[in-house]
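Peer 1: build me a structure from this.
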Amino acid sequence: SLWLFANVLYYREFSDFLSLSIISSGSSVGENLSKSIAGIVHLSDFLVFLDILVLIVLLIFKQIKVDTNGIRKKFSVLTSLLGFVSVFAVFGLASSDRSGLLTRTFDNNYIVKYLGLNEYAAFNALQTHSQAQSRKRASSSQLKPISKWVSKNRAADNVKYFGIDKGRNVIVFHLESFQQFLIGMKVDGQEVTPNLNNFFHDQHTIAFDNFYHQVGQGKTSDAEMMLDNSLFGLPSGSAMVKYGSTNTFQSVPAILDQRGYTSAAFHGDVPSFWNRNNAYKSWGYDYFFSKSFYPNANNSDYNLGYGMLDKIFLKDSSKYLSQLPQPFYAKIITVTNHYPYETNREISSQFPATTTGDRTVDHYVQTAHYLDSAFGEFLQWLKDSGLYNNSLIYVYGDHYGISENHQPAIAQLLK
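Peer 2: Residues are numbered from 1 along each chain as shown. Here you go, the predicted structure:
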């Protein structure tokens, strides 16, 4: 029942099922996980425990009794065999309808649909063990054909842009849960993201509108893995958590360090979130400014959801950014626009909630507007400080903000 309950909550937000890898990564996402769960849970979800309550009541009123007699060995063996035969029979029927069900595991939905949630859990446990064993058995010779393929298919440098910003600072804005449809969007005639709209349409901006998230279960950590390492996340779990401190990476911070750059990452929450405190060392970051570097991080008025409010966080980060030796590579991770899109009086007063009736969607535009306002203030600080004209500013949304389970509300929003 607990397994079913947990999967109901996880699937509602991520359209996927829990895996052993993601469960083992749970400790890395910090105490704020409970806030996301509170935003997902419905009262009706607790119906999965109804059978347990009924059983307890029947036991209390002695309508049923606990049978202490042992089950005959012959009966237990036959029952177990019947269970295994049934499982394999179902698998045979499923394979005939969906070939390669367990060999081309591109979507866990199919496994659960055809085999069931418990069978998926058993398969995932086997898959996790198999992945661990394959790493142990891996040899350097297996890398040769891969390296050969990569060298042969490497994209050539873009002559138009290659090297034109050599020596400039690089400032990366990692916009939490920011989706493309917010650019140019209006609610009652008011722009949701006016500052990002202006930045997007600036004559000096190179913008990509055919851009999609490509993350797995690691979500934000997978986006960081792609950004800094040009590597996809794992099929199951988070690469930053599982291998962030043990693997050798060819990362942007380390590469730029060889060209005289200082590197720093900024995140207003605990350093263990997604194992950043260890992964960033492996990636070659010189500095990691996390929660302990921000005195305001312990002020409850300046915290919401998964860390510091973006305006306070960016204002405090500017003090450290201004002292970095130039040229520098700085990655700034915002968090206010993080599920479950909590709002306070300041955020609510800046922009009206939409009226789709879906709390997630209605508050999403409010936190996105607040993020945009924080971005605008920081951009102005960069101009006032003189850093703007000597910096390449890179902005991207790490992954979707609204899952497929909110399609009716999104349809209202975008009509």
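Peer 1: where are the low-confidence patches of the stretch 51-200 of the chain?
Peer 2: Along the stretch 51-200 of the chain, segments meeting pLDDT under 70 span 100, 103-107.
Peer 1: hey, where'd the helices end up in it?
Peer 2: Here the stretch 51-200 of the chain has its helices, by DSSP state H, counting those that start in this stretch, at 73-97, 108-115, 117-137, 143-152, 194-201.
Peer 1: distance to residue 171 and mean neighbour count added to those, as a markdown table?
Peer 2: Glycine gets a C-beta too; all of them are placed from N, C-alpha and C. Listed next are the helices of the stretch 51-200 of the chain as a markdown table, based on distance: least, Cβ to Cβ, whole Å; neighbours: other Cβ atoms under 10 Å:
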| stretch | distance to residue 171 | mean neighbour count |
| --- | --- | --- |
| helix 73-97 | 50 | 11 |
| helix 108-115 | 37 | 18 |
| helix 117-137 | 36 | 13 |
| helix 143-152 | 29 | 9 |
| helix 194-201 | 12 | 17 |
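Peer 1: so which of those is nearest residue 254?
Peer 2: Distance to residue 254, taken as Cβ to Cβ, is lowest for helix 143-152 among those, at 18.3 Å.
Peer 1: which residues touch that closest one?
Peer 2: Residues outside helix 143-152 that contact it (Cβ atoms under 8 Å, 6 or more residues apart in numbering): none are found.
Peer 1: how distant is it from the center of its chain?
Peer 2: 29 Å (Cα atoms, centre = their mean, to the nearest Å).
Peer 1: try stretch 320-336
Peer 2: Taking Cα atoms, centre = their mean, one finds stretch 320-336 lying 21 Å from the centre of the chain it belongs to.
Peer 1: and if you look at stretch 358-367?
Peer 2: How far stretch 358-367 lies from its chain's middle: 18 Å, per Cα atoms, centre = their mean.
Peer 1: may I see the buried residues of it?
Peer 2: 358, 360-367 (16 or more other Cβ atoms under 10 Å).
Peer 1: from those residues, pick the one nearest residue 85.
Peer 2: Of those, the one sitting nearest to residue 85 (Cβ to Cβ) turns out to be residue 360, at 44.0 Å.
Peer 1: separation between that closest one and residue 158?
Peer 2: According to Cβ to Cβ, to the nearest Å, residue 360 and residue 158 sit 39 Å apart.
Peer 1: residue 265 is in what secondary structure piece?
Peer 2: Taking DSSP states H and E as the criterion, residue 265 maps to strand 262-267.
Peer 1: in its sheet, what does that strand sit against?
Peer 2: Paired strands of strand 262-267, with direction, are strand 287-289 (parallel), strand 328-333 (parallel) (DSSP bridges).
Peer 1: can you tell me which of those strands is packed in deepest?
Peer 2: Among the strands paired with strand 262-267, strand 328-333 has the highest mean neighbour count (mean count of other Cβ atoms under 10 Å), at a mean of 24.
Peer 1: now do the SS call for residue 394.
Peer 2: strand (DSSP: H, G, I helix; E, B strand; the rest coil).
Peer 1: surely it and residue 169 touch.
Peer 2: No: using Cβ atoms under 8 Å, residue 394 makes no contact with residue 169, being 10.9 Å away.
Peer 1: neighbour count winner among these two?
Peer 2: Set side by side, residue 394 and residue 169 show more neighbours around residue 169, with 21 against 14, by other Cβ atoms under 10 Å.
Peer 1: can you tell me how far the more buried one sits from residue 391?
Peer 2: Residue 169 sits 4 Å away from residue 391, taking Cβ to Cβ as the criterion.
Peer 1: residue 214 now?
Peer 2: Distance from residue 214 to residue 391, by Cβ to Cβ: 27 Å.
Peer 1: between the two, which has more neighbouring residues?
Peer 2: Each of residue 214 and residue 391 has its neighbours counted (other Cβ under 10 Å); residue 391 has more, 19 against 11.
Peer 1: follow-up on the earlier one: what mean pLDDT does the strand holding residue 265 have?
Peer 2: In this model, strand 262-267 has a mean pLDDT of 96.
Peer 1: distance check, residue 41 against residue 6.
Peer 2: Applying Cβ to Cβ, the value for residue 41 to residue 6 is 11 Å.
Peer 1: now residue 372
Peer 2: As judged by Cβ to Cβ, residue 372 and residue 6 stand 34 Å apart.
Peer 1: give me the more crowded residue out of those two.
Peer 2: Counted by other Cβ under 10 Å, residue 372 and residue 6 do not tie: residue 372 has more neighbours, with 26 against 15.
Peer 1: all strands of the stretch 151-300 of the chain, in order?
Peer 2: With strands called from DSSP state E, counting those that start in this stretch, the stretch 151-300 of the chain shows them at 169-175, 186-187, 190-191, 262-267, 287-289.
Peer 1: quick check: which of these is nearest to residue 411?
Peer 2: Closest to residue 411 of the strands of the stretch 151-300 of the chain, according to Cβ to Cβ: strand 186-187, at 15.2 Å.
Peer 1: and the longest helix for the protein?
Peer 2: Using DSSP state H to define each element, the chain has its longest helix at helix 359-385.
Peer 1: and that helix, what does it pack onto?
Peer 2: The helices and strands touching helix 359-385, judged by 3 or more Cβ pairs under 8 Å, 6 or more residues apart in numbering; DSSP states H and E, are strand 169-175, helix 194-201, helix 310-321, helix 345-350, strand 391-397, helix 407-414.
Peer 1: for these, which one sits closest to residue 112?
Peer 2: Comparing the helices and strands packed on helix 359-385 by Cβ to Cβ, helix 407-414 comes nearest, at 20.0 Å.
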